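S.K.: okay, here's the prediction I keep looking at, along with the sequence it came from:
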Amino acid sequence: MTQGSPDIRQQVDANRGIAKKLELLIPGLRGYRSKEDIRVSDELLRNQVADRLDKVRDNLQQLRKQVASSGDFTNLTSVGSVISQVQALSGEVRHAGQGYAGWAAPIQVTDDKLNKLYDYDYSFVSAVFQLDDATSSGRLVYDSAAPSSIQAAIGGFVRDVADIKQKWSQRIEAIEGIALGQ
């Protein structure tokens, strides 16, 4: 996330059609519409993060091609492992449950709690963007004359992916905490 990026919640609010704007005027529908818009914002955010993780995977696949064409089978396994972890995380983020903001939801989730969760995602999203930057083609260089030179970068990617997974798990725990009324 960059400082110049608009808040997705504001974009969803700005793109409301007339029917959705009318729902905001009706007291019984106002809360439903507001929560649905936050859910849409969350889905958009998660899809953008998953797209970035897919880009990281593609960057790492380019590295894997370089490593394989150099016959460096030691690093090939390490790169493949990171690719596998990134791909799994991308799928988990993209296909995570969204919840339901139904008419008479049995658990009351306030807009404030949903917005706090959305704000909490900043560190998670930032970590994904940093990994994307670190694996970009200009920054990720493989030297076939010194194959061990890439091992530090691969180790860093493994740590970065583990950190992102932990942030994702914390997000899930926070959602479950909200769902349990905490």
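M.R.: Great, that's in hand. No experiment lies behind these values; they were computed from the predicted model shown.

S.K.: below-threshold pLDDT in this structure: ranges please.
M.R.: By pLDDT under 70, the low-scoring segments of the chain are 1-35, 37-38, 98-120, 175-182.

S.K.: need the helices for it, in chain order.
M.R.: For the chain, the helices defined by DSSP state H occupy 8-14, 18-25, 27-69, 73-94, 111-134, 151-179.

S.K.: show me which residues of stretch 49-61 are buried.
M.R.: Residues of stretch 49-61 classed as buried under the neighbour-count rule (16 or more other CB atoms under 10 Å) are 49-50, 52-57, 59-60. Every C-beta, even on glycine, is put in place using the N, C-alpha and C of the backbone.

S.K.: how about the contacts made by Ala96?
M.R.: By CB atoms under 8 Å, 6 or more residues apart in numbering, Ala96 lies in contact with 46, 172.

S.K.: whoops, I mixed them up, Ala134
M.R.: Ala134 touches 140, 153, 156-157, 160, counting by CB under 8 Å, 6+ apart.

S.K.: same deal with Gly91?
M.R.: Gly91 neighbours (CB under 8 Å, 6+ apart): Ala50.

S.K.: Leu140 now?
M.R.: So Leu140 contacts 59-60, 62-63, 134, 153 (CB under 8 Å, 6+ apart).

S.K.: and the gap between it and Leu131?
M.R.: Leu140 sits 11 Å away from Leu131, going by CB to CB, to the nearest Å.

S.K.: that older thread, got JSON lines for the buried residues of stretch 49-61, with distance to Ser90 too?
M.R.: Formatted as JSON lines, the buried residues of stretch 49-61 follow (distance: CB to CB, whole Å):
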{"residue": "Val49", "distance to Ser90": "8"}
{"residue": "Ala50", "distance to Ser90": "5"}
{"residue": "Arg52", "distance to Ser90": "9"}
{"residue": "Leu53", "distance to Ser90": "4"}
{"residue": "Asp54", "distance to Ser90": "5"}
{"residue": "Lys55", "distance to Ser90": "10"}
{"residue": "Val56", "distance to Ser90": "8"}
{"residue": "Arg57", "distance to Ser90": "7"}
{"residue": "Asn59", "distance to Ser90": "13"}
{"residue": "Leu60", "distance to Ser90": "12"}
